[in-house]
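**Student:** heads up, no residue letters with this:
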């Protein structure tokens, strides 16, 4: 006995759709950390709870059907149990199974029993069991499976107290888990198992056997490449048949489990009845996709209409705080760095939160209700044609709000190549940060008239821009499909679970975790870039700024020009003299072929913090003193090229800018998230080069055609 | 062609492709079980299948890897 001072590690594990994560959230009360399992981007959540003074540490393992992995992501579990030296190595296993589908959920349980770690079997969804008229003789089942059983409902919280008690009992009893008679045979592996055991430190024959069967999935830190090659050679020499073994073993286990379940679980009627009836409509060949379109449309409407209210609160709140602080604090550069630089940066991060939260709310709702699996089934064919899968469709759609949650949501795509393609093309979808830019440029280009009295022409053009972005997403996806090499073959094969009503606590928990992850991963970058750009736009060589002010005063004495006009002209001149302004001029030769001048160059630079900053930057550089769009548009229309005296924002330049904003990769936070999700700088760099290169080429072509 | 066997109950005998086999076996879709295609997806590339007391979706080419009695 280790006493009550040490944490008890509990691995929580089960099949997909077993309600494992809901139970994890409930037990830890949303008090958890998110990390990654080594080598794969699978969320690793660890949380804790205290029962009678004993601290339990819960490790949420990915949901799989079997310990035999089918992908690197599924191999997380096998590697986890092999690595006995890990600080997370479990003292107990909490196995979660859906009581309404028990017979198929106990394969993994049966395998885990071989490990010698005490197991508590949590029969989840007890509330549904009663409704469905399923009767489970838990006492007899517990005896037959030689495992303590606790009935819980992660949705309602029923049985949680008992579960905690049982975990403590299980640890206190400290009994070694008795196993069934071995279903595997290791005789032919006598030469291999000791080697694997010695190298990995794993002393369980069954795990060593699994490691031998799936040697390529074993993490390099447990078994180095040379040892793997040596073991593979030995396996080949004894003509080791890993697939046959897996099939035999699995069938034998099912043969043992199913009669037990049949005996102690009685069902009065078919639980899938309602689900099948709903699917007859929801997955119908013709009606199904239309229902999905409707669902998408409704989600979009909610995201954009609901989010505007909290977004206004956030923006107005920050305006008030800034103006208050500017009044009470002294007028020094450091204060301005804080109020205009740092606070604006934080504002820029928080303003995205409402949309991201609402978007994720719907995605989680679709996922937990079981509808997402149907979307995957319906659209797999067409998405597969573009190298993606059904889930990618959801990611691309959410990318129209913001690419960051979209890229984060690709974690549910199991195939690496499909996931990479989805991540790569998601930013082509026009996100909400592009809206202010589109609005302004379209106002320059398209007269505000209605066709047939009800379709607004700018509105139609707006829709067109979204379509152009989407078309490019699919074209690039198609190119990637043929150019990316992979050994991994993509599979659809998914289980379509029975529909269920998601529990609000669990949905909220998921949304909260995504928002936290956004603020932490993207927020820091946005904040940092905002600060750097603020400094670049407000500083110059020592003394240069006051020189600018003196020159302007000499040129236009304050008696002639109104104070606000003077202030506006001063900030315009200061921006021109700043490092950002110098950058604009320095980059002018590069962007001249696209029809842009140095002023647009500055705006392009500041867009890297967030695209919508484009509008604000132009307002400053065209010395607009009241930041209204009308005033800015007038100034932009009046702007003349000093050499040719032609308007700067002519048809060709405006179109070229539009194309640039549709296609270019200008969002540093997206790049940061891509780096995090792909595990290196390679993909964000390629993405930046491809997207911006494409934008440059096409903007240039458009400019040439229309000028 | 696999798409012509819709609405017929077939008994699984074995599998052709190794990976498909591993995947199906893990999900408890085993030889001896009966399988029925309920419907075809909107773009015609995958099946909605009832097998035992579960519903699964798979591509037509994955379905073709299953050997029936």
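**Tutor:** Yep, it's here. This structure is a prediction, so every number in the text was calculated from the model and none was measured. Numbers count the residues shown, from 1 in each chain, chains lettered A, B, ... in the order given.
**Student:** host element of the nearest residue to residue A:195 once chain neighbours are set aside?
**Tutor:** Nearest residue to residue A:195, sequence neighbours excluded (C-beta to C-beta, 6 or more residues apart in numbering or on different chains): residue A:231, at 6.4 Å. For glycine as for every other residue, the C-beta is placed from the backbone atoms N, C-alpha and C. Using DSSP states H and E, residue A:231 falls within helix A:225-237.
**Student:** could you say what helices and strands the following helix or strand past that helix packs with?
**Tutor:** Sequence-wise, the next helix or strand downstream of helix A:225-237 (DSSP H and E) is helix A:242-264. If contacts are counted by 3 or more C-beta pairs under 8 Å, 6 or more residues apart in numbering or on different chains; DSSP states H and E, helix A:242-264 sits against helix A:102-105, helix A:107-112, helix A:138-145, helix A:205-213, helix B:18-26.
**Student:** these: which one's closest to residue A:502?
**Tutor:** helix A:102-105 (19.6 Å; C-beta to C-beta).
**Student:** and the closest one, is it in reach of chain B?
**Tutor:** Yes - shown here: helix A:102-105 in contact with chain B (C-beta under 8 Å from any C-beta of the partner chain) through A:103, A:104.
**Student:** what helices or strands is that helix leaning on?
**Tutor:** helix A:242-264.
**Student:** circling back: ok, the residue nearest to residue A:195 to residue A:463 distance?
**Tutor:** Separation of residue A:231 from residue A:463 (C-beta to C-beta, to the nearest Å) stands at 58 Å.
**Student:** one more: residue A:615?
**Tutor:** Distance from residue A:615 to residue A:463, by C-beta to C-beta: 20 Å.
**Student:** okay, the two: which has more neighbours?
**Tutor:** When residue A:615 and residue A:463 are compared for neighbours, residue A:615 comes out ahead with 18 against 11, by other C-beta atoms under 10 Å in any protein chain shown.
**Student:** give me the phi and psi for residue B:13.
**Tutor:** phi -110, psi -40 (degrees, to the nearest 10).
**Student:** how about the helices in chain B?
**Tutor:** Assigned by DSSP state H, chain B shows helices spanning B:18-26, B:60-63.
**Student:** so which of those is nearest residue A:112?
**Tutor:** Ranking the helices of chain B by proximity to residue A:112 (C-beta to C-beta) places helix B:18-26 first, at 14.0 Å.
**Student:** what helices and strands are in contact with that closest one?
**Tutor:** Packed against helix B:18-26 by the contact rule (3+ C-beta pairs under 8 Å, 6+ apart) you find helix A:242-264, strand B:9-15.
**Student:** and if we set it to 6 Å?
**Tutor:** Helix B:18-26 is packed against helix A:242-264, with contacts defined by 3 or more C-beta pairs under 6 Å, 6 or more residues apart in numbering or on different chains; DSSP states H and E.
**Student:** work out the gap between the helix it packs on and the centre of the chain.
**Tutor:** From the chain centre to the centre of helix A:242-264 is a distance of 36 Å (C-alpha atoms, centre = their mean, to the nearest Å).
**Student:** run through the chain and note the low-pLDDT ranges.
**Tutor:** Assuming you mean chain A. Along chain A, segments meeting pLDDT under 70 span A:1-5, A:39-41, A:174-186, A:268-271, A:487-489, A:556-561, A:623-630.
**Student:** the chain in question should be chain B.
**Tutor:** Low-confidence segments of chain B, defined by pLDDT under 70: B:1-7.
**Student:** get me the contact residues on the stretch 51-200 of chain A for chain B.
**Tutor:** With the criterion set to C-beta under 6 Å from any C-beta of the partner chain, the stretch 51-200 of chain A comes near chain B through A:65, A:66, A:70, A:104.
**Student:** let's see it at 8 Å
**Tutor:** With C-beta under 8 Å from any C-beta as the criterion, the stretch 51-200 of chain A meets chain B at residues A:64, A:65, A:66, A:68, A:70, A:101, A:103, A:104, A:107.
**Student:** same list (those residues) but as CSV, adding distance to residue A:530 and neighbour count.
**Tutor:** Listed next are those as CSV, based on distance: C-beta to C-beta, whole Å; neighbours: other C-beta atoms under 10 Å in any protein chain shown:
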residue, distance to residue A:530, neighbour count
A:64, 42, 23
A:65, 46, 21
A:66, 48, 25
A:68, 49, 28
A:70, 44, 21
A:101, 50, 23
A:103, 56, 19
A:104, 51, 21
A:107, 51, 24
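**Student:** and of those, the nearest to residue A:685?
**Tutor:** Once C-beta to C-beta is applied, the member of those that ends up nearest residue A:685 is residue A:70, at 31.1 Å.
**Student:** surely the closest one touches residue B:22?
**Tutor:** Yes - under the criterion of C-beta atoms under 8 Å, residue A:70 is in contact with residue B:22, at a separation of 5.7 Å.
**Student:** now do the helix holding residue A:231 and helix A:242-264, the angle between them.
**Tutor:** On the basis of axes from the mean of the first three to the mean of the last three C-alpha atoms, to 10 degrees, helix A:225-237 is oriented at 80 degrees to helix A:242-264.
**Student:** mind listing residues that contact helix A:225-237?
**Tutor:** Residues outside helix A:225-237 that contact it (C-beta atoms under 8 Å, 6 or more residues apart in numbering or on different chains) are A:191, A:192, A:195, A:196, A:199, A:212, A:215, A:216, A:218, A:223, A:242.
**Student:** do stretch A:162-170 as well
**Tutor:** A:8, A:10, A:27, A:49, A:51-52, A:54, A:56, A:92, A:94, A:118, A:120, A:122, A:148, A:150, A:152.
**Student:** sorry, back to before: which pair of the residues of the stretch 51-200 of chain A next to chain B spans the longest distance?
**Tutor:** Of all pairs in these, the most separated under C-beta to C-beta is A:70 and A:103 at 20.8 Å.
**Student:** any idea which helix or strand carries the residue nearest to residue A:537 when sequence neighbours are not counted?
**Tutor:** Leaving aside its sequence neighbours, residue A:537 sits nearest to residue A:580 (C-beta to C-beta, 6+ apart; 4.2 Å). Taking DSSP H and E as the definition, residue A:580 sits inside helix A:579-591.
**Student:** check the gap between the one residue sitting closest to the centre of chain B and residue A:125 for me.
**Tutor:** Centroid-nearest residue in chain B, with C-alpha atoms, centre = their mean: residue B:63, separated by 4.5 Å. Taking C-beta to C-beta as the measure, residue B:63 and residue A:125 are separated by 30 Å.
**Student:** list the buried ones in stretch A:666-686?
**Tutor:** Residues A:666-678, A:683-684 are the ones in stretch A:666-686 that count as buried (16 or more other C-beta atoms under 10 Å in any protein chain shown).
**Student:** same question, stretch A:582-600
**Tutor:** A:582, A:583, A:584, A:587, A:591, A:594, A:595, A:596, A:597, A:598, A:599, A:600.
**Student:** OK, contacts around the third one?
**Tutor:** Right, residue A:584. Applying C-beta under 8 Å, 6+ apart to residue A:584 gives the contacts A:598, A:599, A:600, A:601, A:602, A:605.
**Student:** can you tell me how far it is from residue A:617?
**Tutor:** In terms of C-beta to C-beta, residue A:584 sits 10 Å off from residue A:617.
**Student:** any chance of the helices and strands packed on helix A:242-264 in CSV, plus distance to residue B:45?
**Tutor:** Converted to CSV, the helices and strands packed on helix A:242-264 look like this (distance: least, C-beta to C-beta, whole Å):
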stretch, distance to residue B:45
helix A:102-105, 26
helix A:107-112, 29
helix A:138-145, 40
helix A:205-213, 31
helix B:18-26, 16
